[in-house]
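A.B. asks: predicted structure and sequence below. I'll ask about it afterward.
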Amino acid sequence: MTAEGKLWQLIQRLAEKTAQGAVVWEATAAQNTFQTSFPQYSVRIVELDYQDYRSPQYMLEMLDGNGNVIERVDGIDIQKAVSTDTSNDVTNTMRDLYRAARRHALGVDTALDSLLSELEKAR
């Protein structure tokens with residue numbers, strides 16, 4: 001399997017495990033960047049705002065234990081490397097991963113629960 005194929009597999013597994021609540025994401029000092037850590041490596045998901053595209057693009061970074069970026073790939077790179085039948089899957093999966101990481105890191109679900117509870121009390 002190519003490196004890009006393995007990266008695509010990593011993205012898919014991160015998205016799946018994040019949706020299950022098994023991966024903990026944190027906000028970083030960089031805007032639109034969220035990170036999760038494992039014993040030896042960390043992963044960041046970044047939303048990029050390329051002006052050449054109508055919608056944001058997403059980038060995944062792998063960091064070593066010292067915080068050095070050892071790999072960086074965006075959806076366009078993955079789409080070029082894997083089957084063209086998966087181009088929509090790549091875009092959607094990376095977008096969904098970014099959104100889920102953001103929601104988790106910023107506590108959006110907790111905020112929603114709190115707001116809904118307050119609105120119930122207002123009746």
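C.D. replies: Received, thanks. Just so it is clear, the model here is predicted, and its values are computed rather than measured. Numbering: from 1, shown residues only.

A.B. asks: check which helices and strands the longest helix anywhere in the chain sits against.
C.D. replies: Longest helix of the chain, by residue count under DSSP state H: helix 87-106. For helix 87-106, the packing partners by 3 or more CB pairs under 8 Å, 6 or more residues apart in numbering; DSSP states H and E come out as helix 3-19, strand 26-27, strand 33-37, strand 42-48, strand 57-63, helix 75-81. In short, each C-beta sits where N, CA and C put it, glycine included.

A.B. asks: now that helix: buried residues?
C.D. replies: For helix 87-106, burial by neighbour count (16 or more other CB atoms under 10 Å) applies to 89-91, 93-95, 97-105.

A.B. asks: what strand or helix carries residue 117?
C.D. replies: helix 108-121 (DSSP states H and E).

A.B. asks: what residues does that helix touch?
C.D. replies: Helix 108-121 is contacted from outside by 102, 103, using CB atoms under 8 Å, 6 or more residues apart in numbering.
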